[in-house]
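Colleague: Kindly generate the corresponding structure for this input.
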Amino acid sequence: MAGWNRNSVRAGPAPSWPGSRAARGAFRRLLLRQAEFTASAAQVISQGCERLPTAAEPASPRAREPEAAHGRRGTLPAGSGKSTTAAALIDLVNRTRPGHIVSIEDPIEFVHEPRRCVVTQREVGADTGSFPDALRAALREDPDVVFIGEMRDLETISLAVTAAETGHLVVATLHTAGAAKSVDRIVNVFPAGEQQFIRTLLAGCLLGVASQALLKRKDQPGRVAAFEMLVATSGVRSMIRQGKIPQIPSAIQTGMHQGMCTFRRSVQPLVADGRVDAAEANELLAQFEDDVAGNVAGPAGGAGKAIVQE
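Modeller: Numbering: from 1, shown residues only. Have a look, this model is predicted:
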């Protein structure tokens, strides 16, 4: 990083750069202080959407495809790899229906070229001051689809729910571990006196939640995604409205025919096909299902029953 030394980085948030506008999305870079040195971290990301996964590929969120292409509103909290999955949904809309897509990101990772949609991509810090500022402006830009790179605070979440309630398809991400916890996070960010009102709004506008994690591949270099899928059926909407969010994991387990899927059901074919090691899958399930099904991984070093077997 030419021109930088350890005295030039002040205390405060670590600065990051998405790269030049001509090559935006090639790298996500972060400059930080560590000990007495200046360090940099860079993440390689794709420039365009030509290599994005589609809903026809294994372990991808197929249940979201019809709703993303034809639905009116929804959210997509995701875990690891959430930006790629969200970008795949936006690309699906761009390829299959006319309309106006407004994307608000920090930074822009995937550049969407206009296909059947007009695409407006705004970057926080470069094109707008903040997510809430960009969201307020987006609602005056006659959008059909709004993508929010990350719902970080109460104001952003409130504006996202408002946009969904007024008939826009909203795709957004959250840092949460599981579909039920994503719903819980959206509700609990509001003051206690407003939570019942938000539960009612969310129950009316939510399409679904896709929670995902990346597993190391066994058969070749790389990683593969496992998903937990929640579809907002009438039963799920009633649970949200009545504050019975702890019952949502049970609804996911029994909702396979309605497009829902648990992490357990998602990783089993990956292990059976030899793409993921059973130990890797068991570690994931222990993390995500521990509060639902007890100590599913068994005691460390013991002969606990395997969650999935090869």
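Colleague: which stretches of the stretch 1-150 of the chain form strands?
Modeller: Ranges of strands in the stretch 1-150 of the chain, per DSSP state E, counting those that start in this stretch, are 16-17, 27-34, 37-44, 99-105, 117-123, 145-148.
Colleague: any idea how this protein splits into domains?
Modeller: Domain assignment for the chain, taken from automatic domain parsing, gives 10-45, 62-266.
Colleague: next helix or strand past the helix or strand hosting residue 203?
Modeller: Element membership for residue 203, per DSSP states H and E: helix 195-205. The element immediately downstream of helix 195-205 (helix or strand, assigned by DSSP H and E) is strand 208-216.
Colleague: Pairing partners for that following strand, with directions?
Modeller: Its sheet considered, strand 208-216 pairs with strand 223-231 (antiparallel) by DSSP bridges.
Colleague: What's the mean pLDDT across the partner strand?
Modeller: Mean pLDDT, computed over strand 223-231, is 92.
Colleague: For the nearest residue to residue 125 once chain neighbours are set aside, which residues are in contact?
Modeller: Excluding the flanking residues, the one nearest residue 125 by Cβ to Cβ, 6 or more residues apart in numbering is residue 106, at 6.7 Å. Heads up, the C-betas are built off the backbone N, CA and C, glycines and all. Contact analysis of residue 106 by Cβ atoms under 8 Å, 6 or more residues apart in numbering lists 123-125, 131, 149-150.
Colleague: change it to 10 Å
Modeller: Residues in contact with residue 106, defined by Cβ atoms under 10 Å, 6 or more residues apart in numbering, are 16, 18, 122-126, 128, 130-131, 134, 148-150, 152.
Colleague: Equivalent analysis for residue 157, please.
Modeller: Under the criterion of Cβ under 10 Å, 6+ apart, the neighbours of residue 157 are 75, 131-132, 148, 151, 172, 174, 185-187, 189-190, 198, 202.
Colleague: which one among these gets closest to residue 284?
Modeller: Taking Cβ to Cβ as the measure, residue 284 sits nearest to residue 174 out of the contacts of residue 157, at 18.7 Å.
Colleague: pLDDT at that closest one, what is it?
Modeller: Here the pLDDT value assigned to residue 174 is 87.
Colleague: Could you look up the SS state of it?
Modeller: Taken by DSSP: H, G, I helix; E, B strand; the rest coil, the conformation at residue 174 corresponds to coil.
Colleague: you'd agree it is up against residue 187?
Modeller: No: counting by Cβ atoms under 10 Å, residue 174 sits too far from residue 187 to count as a contact (11.9 Å).
Colleague: Tell me which of these two has more neighbours.
Modeller: Neighbour tally, residue 174 and residue 187, criterion other Cβ atoms under 10 Å: the higher count belongs to residue 174, 23 against 18.
Colleague: what separates that one from residue 37, distance-wise?
Modeller: 34 Å (Cβ to Cβ, to the nearest Å).
Colleague: Then residue 188?
Modeller: For residue 188, the distance to residue 37 - Cβ to Cβ - is 39 Å.
Colleague: higher neighbour count, those two?
Modeller: Counting neighbours by other Cβ under 10 Å for residue 188 and for residue 37 shows that residue 188 has the greater number, 13 against 9.
Colleague: so that one touches residue 245, yeah?
Modeller: Yes: at 9.5 Å, residue 188 counts as touching residue 245 under the criterion of Cβ under 10 Å.
Colleague: Could you name every residue contacting both of these two?
Modeller: The overlap between the contact sets of residue 188 and residue 245 (Cβ under 10 Å, 6+ apart) consists of residue 181.
Colleague: related to what we said a few turns ago, kindly reformat the strands of the stretch 1-150 of the chain as JSON lines containing distance to residue 167 and mean pLDDT.
Modeller: JSON lines is the format used below for the strands of the stretch 1-150 of the chain (distance: least, Cβ to Cβ, whole Å; pLDDT from 0 to 100):
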{"stretch": "strand 16-17", "distance to residue 167": "34", "mean pLDDT": "48"}
{"stretch": "strand 27-34", "distance to residue 167": "33", "mean pLDDT": "71"}
{"stretch": "strand 37-44", "distance to residue 167": "35", "mean pLDDT": "73"}
{"stretch": "strand 99-105", "distance to residue 167": "12", "mean pLDDT": "95"}
{"stretch": "strand 117-123", "distance to residue 167": "17", "mean pLDDT": "95"}
{"stretch": "strand 145-148", "distance to residue 167": "11", "mean pLDDT": "96"}
